[in-house]
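1. One predicted model, sequence on top.
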Amino acid sequence: CRSDPTKCVLYLTGGGGYGLSEVLQKATKWNIPLAFGVALTWGDFTTLPTVHKSMFYWWVPDPTFLELDAVKTAFPPHNKQEWENGII
């Protein structure tokens with residue numbers, strides 16, 4: 001991704017970087033070329049995914065991004081013991 005930014009997928013989050021450390025680790029583990037952005041305000045966070053094709057942090061049952069027909073990125077199920085041992 002660093003050598004060719006055109007191959008990066010934009011990942012957006014908000015607040016203090018909701019879920020960012022987990023996504024960083026998963027992107028590294030599975031070699032996903034992500035470029036990260038943290039929105040400065042709630043308004044920016046809710047607007048940016050509507051104007052930029054991107055991945056973004058979202059939780060349910062929040063209705064904010066329903067109109068985008070987002071597709072969930074599925075990873076293997078969480079394993080607490082492996083996570084605590086630094087194995088994703």
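-> Great, that's in hand. Residues are numbered from 1 along each chain as shown.

2. Check which residues of the lowest-mean-pLDDT helix or strand in the chain are buried.
-> Taking mean pLDDT, DSSP states H and E as the measure, the chain has helix 80-84 as its least confident helix or strand, at a mean of 86. Buried residues in helix 80-84, counted by 16 or more other C-beta atoms under 10 Å: none are found. (Glycine included, C-beta is placed from N, CA and C.)

3. all helices of this protein, in order?
-> Across the chain, reading from the start of the chain, the helices by DSSP state H fall at 20-29, 42-51, 80-84.

4. Take those and lay them out in TSV including distance to residue 72.
-> As requested, the helices of the chain are arranged in TSV below (distance: least, C-beta to C-beta, whole Å):
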stretch	distance to residue 72
helix 20-29	13
helix 42-51	14
helix 80-84	20
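
5. so which of the ones you listed comes closest to residue 1?
-> Using C-beta to C-beta as the measure, helix 20-29 is the one of those that comes nearest residue 1, at 8.8 Å.

6. List the buried residues for that closest one?
-> Along helix 20-29, the positions that meet the burial threshold by neighbour count (16+ other C-beta under 10 Å) are 20, 23, 26-27.

7. what's the average pLDDT for it?
-> The average pLDDT for helix 20-29 rounds to 89.

8. Please list the residues outside it that contact it.
-> 11, 13, 32-34, 36, 38, 57, 75, 88 (C-beta atoms under 8 Å, 6 or more residues apart in numbering).

9. With stretch 51-65 instead?
-> Outside stretch 51-65, the residues touching it (C-beta under 8 Å, 6+ apart) are 9-14, 18-20, 23, 34, 46, 48-50, 70, 73.

10. what's the span of it from first residue to last?
-> One end of stretch 51-65 sits 12 Å from the other (C-alpha to C-alpha, to the nearest Å).

11. Pull the distance from it to the chain's centre.
-> Its chain's C-alpha centre lies 9 Å from the corresponding centre of stretch 51-65 when counted by C-alpha atoms, centre = their mean, to the nearest Å.
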